[in-house]
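1. Structure for this input, please:
(2 chains)
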Amino acid sequence: MSPILRVKSPGLHTTVQDLGRDGFADVGVPPSGALDAVGLRLANALLGNRPDAAALEVLVGGPELEVIAESAHVAFVGGTAGISVQDAHHRSIAAGRSVHVKRGDVVKIGMIAGSSCGYLALEGGIGVPRVLGSASTYTRGTLGGFEGRALRAGDVLHGAETEPAGEELELATPLESEFDAPIRIVLGPQDDHFTQDAIAAFLAGVYIVSAQADRMGFRLEGPVLAHTRGYNIVSDGIVSGSIQVPGSGQPIVLMRDYQTIGGYPKIATVISPDISRLGRRSAGAKVRFARVSRDEAEAVYRDEEAFIAERIKALRPARDEASLNIEALYDENLIGGIVSARE
Amino acid sequence: MTGVRFLPAGDRALVVEFGDHIERALSERVLRLAERLKELRLQGVIETLPTFRSLLVRYDPSQTSGAALEKEIGAHLEDEAGARGETRLWHIPACYDERCAPDLAEVAQRTKLTTTEVIARHSGTQFLVYVVGFAAGFPYMGDLPSELVLPRRTDPRVRVPAGSIAMATTLTGIYPLESPGGWHLIGAAPIRLFDAQWERPALLRPGDFAKFEPVDFAEYERIRAAVEGNDYDVPFTMIAA
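-> Okay, here's the model as predicted:
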């Protein structure tokens, strides 16, 4: 393992994540892992990495990373804004493609437009010790990832030294955030703790992702859901996607860093492919729920996996236009006419 | 098997529910099924999470389905009539000194017992670890003797020190890390409850038993130093569950 990237600026909340850890729920450790698992898998695929290689999850935006290895091959997936590479010029790199960078370059991820999260993957994966079988950071337990915490300025990320030989690739079609897509749920395990009216309101209503949304859970605001027999149950198990409804009647969708048990009734569970879809939504985004049966949910999961496999098969060599260099265009006066037209 | 319900929890988990309240007999059934499923290694099962009254079963929908698993698990519900195997009884050093027990006097007052009586009842009980959750390694243990049952504090603390021995309702627990908490703090255990470097990362696991062994403040400090120097193992004995 060699030092590859130095954190100049960490951004709002940047953590090392992979596809999560299994096997420790019975001692209180949730899986953690990428909020948008599809984004992570595609970022890894662009570099020929294993789907579960560790990458950086960037929430909202902000990090700047200096390349301190001879060279590195990175890819960013999430939202529409892409990233920039500050070198002798200033290259804009579209979201959904990989790029070779070299010593001294600074990889900047600005605000991630069109998603709450994005994934910066490194060829060979970010090198951190696997804790309980995974590289994912669980910040509440100070466990996994980079010292169990979000990145800070000055942190040095390690990885395998790679030759700048691999082809730069891009997604054939961008990863859409699908903000309008209904979030599909299976009712239960405690839907019988809610009135018929509450279930109807839950399925018909529009909810808004509140400002209290993080890797642990998304609190939603919308139609109030009435319980039939109080809002306390004897705690039972939680999974990613569990929708618990406390006394306020406002649902909370548990995401990746959830508490493993909970004492509020759970009206429904978001199906696993749609947790990534919900994970891309930021505060203020709308959420509508749609009911599916468990059999349908399992079929959706299989379709979704086939679709991701197709996307990965369809990766293609990145085209040069993807790194359209605005500053160079200015330098060469190619768009000077447009500038002067505004004066 | 009577009273067992299968409840869906999305496309990757199901709940086998034995009841809706806290009771040893329910917990024993949950724990027995968890043990049985570990032996059976059913196709696609990722892990199980025993709680007071239900077993959560996480599965991989590319390898099995909820419907198939319900059938398979359903066929083994009768097996759980067998006894659990041997299990650990932990002997946990517990300091009930007032320096470690900010709520002990209040608990005594509210339960109309002396602090000595509260300590005797708490340390005289063999507890079952029903669930580990809330935080990594936090054991929910029961049952408290009925005289010690109190509701949670009306004003939860923002910071409960790591190692605090706490109680509320019919349960007692130990905080693995400093965290917020609403239980009554009646002592402290100078031990580590969770370490990701351990092969078994949590000291106490669902189905274990625990007994608190009173130590004075000097002994508490001595053990705490030994724990920090990695020179102390919490003693346990094996007993029939």
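2. Can you get me a residue count around whichever residue of the stretch 101-250 of chain A sits closest to chain B?
-> The stretch 101-250 of chain A approaches chain B most closely through A:Gly237 (2.9 Å), counting by C-beta to the nearest C-beta. From N, CA and C alone the C-beta is placed, and that goes for glycine too. If you count neighbours by other C-beta atoms under 10 Å in any protein chain shown, A:Gly237 ends up with 26.
3. which stretches of the chain have low pLDDT?
-> Reading this off chain A. For chain A, the stretches flagged by pLDDT under 70 are A:320-343.
4. let's do chain B instead
-> Looking at chain B by pLDDT under 70, you get B:1-2, B:80-83.
5. which residue ranges form the strands in it?
-> B:5-8, B:13-17, B:45-50, B:54-59, B:86-95, B:127-132, B:139-142, B:157-160, B:164-168, B:171-174, B:179-181, B:184-188, B:209-215, B:236-240 (DSSP state E).
6. can you list these in a markdown table and add distance to B:Asp103 and mean neighbour count?
-> Converted to a markdown table, the strands of chain B look like this (distance: least, C-beta to C-beta, whole Å; neighbours: other C-beta atoms under 10 Å in any protein chain shown):
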| stretch | distance to B:Asp103 | mean neighbour count |
| --- | --- | --- |
| strand B:5-8 | 37 | 18 |
| strand B:13-17 | 34 | 25 |
| strand B:45-50 | 29 | 22 |
| strand B:54-59 | 31 | 26 |
| strand B:86-95 | 14 | 20 |
| strand B:127-132 | 18 | 27 |
| strand B:139-142 | 17 | 24 |
| strand B:157-160 | 10 | 13 |
| strand B:164-168 | 8 | 23 |
| strand B:171-174 | 12 | 24 |
| strand B:179-181 | 11 | 17 |
| strand B:184-188 | 4 | 26 |
| strand B:209-215 | 16 | 19 |
| strand B:236-240 | 28 | 12 |
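7. can you redo those as TSV with distance to A:Ala88?
-> Putting the strands of chain B into TSV (distance: least, C-beta to C-beta, whole Å) gives the following:
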stretch	distance to A:Ala88
strand B:5-8	57
strand B:13-17	52
strand B:45-50	49
strand B:54-59	50
strand B:86-95	63
strand B:127-132	55
strand B:139-142	59
strand B:157-160	51
strand B:164-168	58
strand B:171-174	58
strand B:179-181	50
strand B:184-188	60
strand B:209-215	64
strand B:236-240	64
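8. Reformat the ones you listed as TSV; add distance to chain A.
-> As requested, the strands of chain B are exported to TSV (distance: least, C-beta to the nearest C-beta, whole Å):
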stretch	distance to chain A
strand B:5-8	4
strand B:13-17	5
strand B:45-50	4
strand B:54-59	3
strand B:86-95	14
strand B:127-132	5
strand B:139-142	8
strand B:157-160	15
strand B:164-168	12
strand B:171-174	10
strand B:179-181	9
strand B:184-188	18
strand B:209-215	15
strand B:236-240	16
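9. Could you report the separation of the residue in the stretch 1-150 of chain A that chain B sits nearest to from B:Glu47?
-> Ranking the residues of the stretch 1-150 of chain A by distance to chain B (C-beta to the nearest C-beta) places A:Val27 first, at 3.6 Å. From A:Val27 across to B:Glu47, the span is 11 Å (C-beta to C-beta, to the nearest Å).
10. And for B:Leu128?
-> Separation of B:Leu128 from B:Glu47 (C-beta to C-beta): 21 Å.
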